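[1] Just a sequence and a predicted model for now, questions to come.
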Amino acid sequence: MPVTLDTLSEKLNAVEIKLAKVSTQMDGIESWLSKRDEECQELEGKIQTVEISNAKHGVYVTLISVFISALITVSITYIFTHQPIQKGVSNVERK
C-alpha cells in the first residue's frame with residue numbers, strides 16, 4: 001500500500017491538532033501551578049503569623065505565671081517571717 005501525500009497530510013493535521021490540545025493543557029497546568037504557588041506562599045505567611053502570635057502568647061503566659069509565683073512566694077515568706085516576730089513583740093509587751 002503506497003503512502004500518498006494526502007494520507008501524510010491528514011496524519012500531520014491530526015498530530016498538529018493533538019499537539020495544540022496538549023499545548024493548551026500544558027498552559028492550563030502552568031497557570032494552575034503558578035496560582036497554587038501564590039496560594040501556598042500566602043498560606044505560609046498566615047501560618048508564620050499564627051506561629052508568632054502563639055509564641056508571643058506563650059511568652060506572656062510564662063511571664064505572668066512567673067510573676068504570680070514570685071508574688072505568692074513573697075507573700076507567703078512575708079507572712080511566715082513576720083507573724084512570729086509580732087507574737088514575740090506582743091509577748092514582750094505583756095511582760
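    That came through fine. Just so it is clear, the structure is predicted and the values come from calculations on it, not from any experiment.
[2] Okay, and the most centrally placed residue in the chain sits in which element?
    Centroid check for the chain by C-alpha atoms, centre = their mean gives residue 47 as the closest residue, at 2.7 Å. Element membership for residue 47, per DSSP states H and E: helix 5-94.
[3] Give me the local confidence score for residue 21.
    Looking at residue 21, its pLDDT is 96.
[4] And it, how far from residue 28?
    Residue 21 sits 11 Å away from residue 28, taking C-beta to C-beta, to the nearest Å as the criterion. Yep, even glycine has a C-beta here, placed from its N, CA and C like the rest.
[5] go on, residue 59?
    Distance from residue 59 to residue 28, by C-beta to C-beta: 47 Å.
[6] cool, residue 16 as well?
    In terms of C-beta to C-beta, residue 16 sits 19 Å off from residue 28.
[7] ok, now which ones touch residue 79?
    The contact partners of residue 79, by C-beta atoms under 8 Å, 6 or more residues apart in numbering, come to none.
[8] No further queries at this time; thank you.
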